[in-house]
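In: Please work out how this folds:
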Amino acid sequence: MINVIVSYTVPPEFVQSNKANIQKFLNDFKNLDQSDFEYKVFVKEDGVTFVHYSNYINEEVQNEVLNVPSFKEFQRLRDESGLNGSHKVEFLQSII
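Out: Model (predicted):
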């Protein structure tokens with residue numbers, strides 16, 4: 001199992017666009033086999049920091065999910081919004 005947390009902060013004026021872009025790829029993820037992965041997105045109390053939590057049964061599934069066109073477009077637009085070095089990717093190891 002692959003477990004990942006990604007966090008980043010967007011400029012306040014990009015929050016609504018980011019939420020809309022997230023909803024687009026989450027809708028497209030519904031067309032995939034949901035038993036092979038989990039993907040959740042949260043916004044912190046500051047309203048501008050997003051946290052994405054995902055887990056995948058293997059690298060093949062992870063690659064399939066992360067290559068959905070709407071997800072790649074989300075990433076491009078997010079990165080172009082001006083993250084100012086806030087983008088952080090963490091891999092988690094299960095203790096069970």
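In: Would you state the helices of this structure in chain order?
Out: Along the chain, the segments classed as helices by DSSP state H run 15-29, 59-66, 69-80.
In: out of these, which comes closest to Asp36?
Out: Judged by CB to CB, the one of the helices of the chain that comes nearest to Asp36 is helix 59-66, at 4.5 Å. Bear in mind the C-beta positions are built from the backbone N, C-alpha and C, glycine included.
In: Could I get the buried residue list for that closest one?
Out: Judged by neighbour count using 16 or more other CB atoms under 10 Å, the buried positions of helix 59-66 are Val61, Gln62, Val65, Leu66.
In: Which secondary structure elements does it sit against?
Out: If you count contacts as 3 or more CB pairs under 8 Å, 6 or more residues apart in numbering; DSSP states H and E, helix 59-66 packs onto strand 37-43, strand 49-56.
In: Make JSON lines out of the buried residues of helix 59-66 and add distance to Leu32 and pLDDT.
Out: Formatted as JSON lines, these follow (distance: CB to CB, whole Å; pLDDT from 0 to 100):
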{"residue": "Val61", "distance to Leu32": "8", "pLDDT": "97"}
{"residue": "Gln62", "distance to Leu32": "11", "pLDDT": "97"}
{"residue": "Val65", "distance to Leu32": "6", "pLDDT": "97"}
{"residue": "Leu66", "distance to Leu32": "11", "pLDDT": "96"}
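In: now those residues in TSV, with distance to Phe50?
Out: As requested, these are exported to TSV (distance: CB to CB, whole Å):
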residue	distance to Phe50
Val61	22
Gln62	19
Val65	17
Leu66	16
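In: with these in mind, which one is nearest to Ser81?
Out: Ser81 lies nearest to Leu66 out of those, by CB to CB, at 19.1 Å.
In: residues contacting the closest one?
Out: Shown in contact with Leu66 (CB atoms under 8 Å, 6 or more residues apart in numbering): Lys72.
In: I'd like the distance between it and Lys44.
Out: 23 Å (CB to CB, to the nearest Å).
In: So what sits opposite the closest residue to Val48 other than its chain neighbours in the bridge?
Out: Nearest non-adjacent residue to Val48, counting by CB to CB, 6 or more residues apart in numbering: Thr9, 5.3 Å away. When bridges are called by DSSP bridges, Thr9 pairs up with Thr49.
In: Alright, I will stop here.
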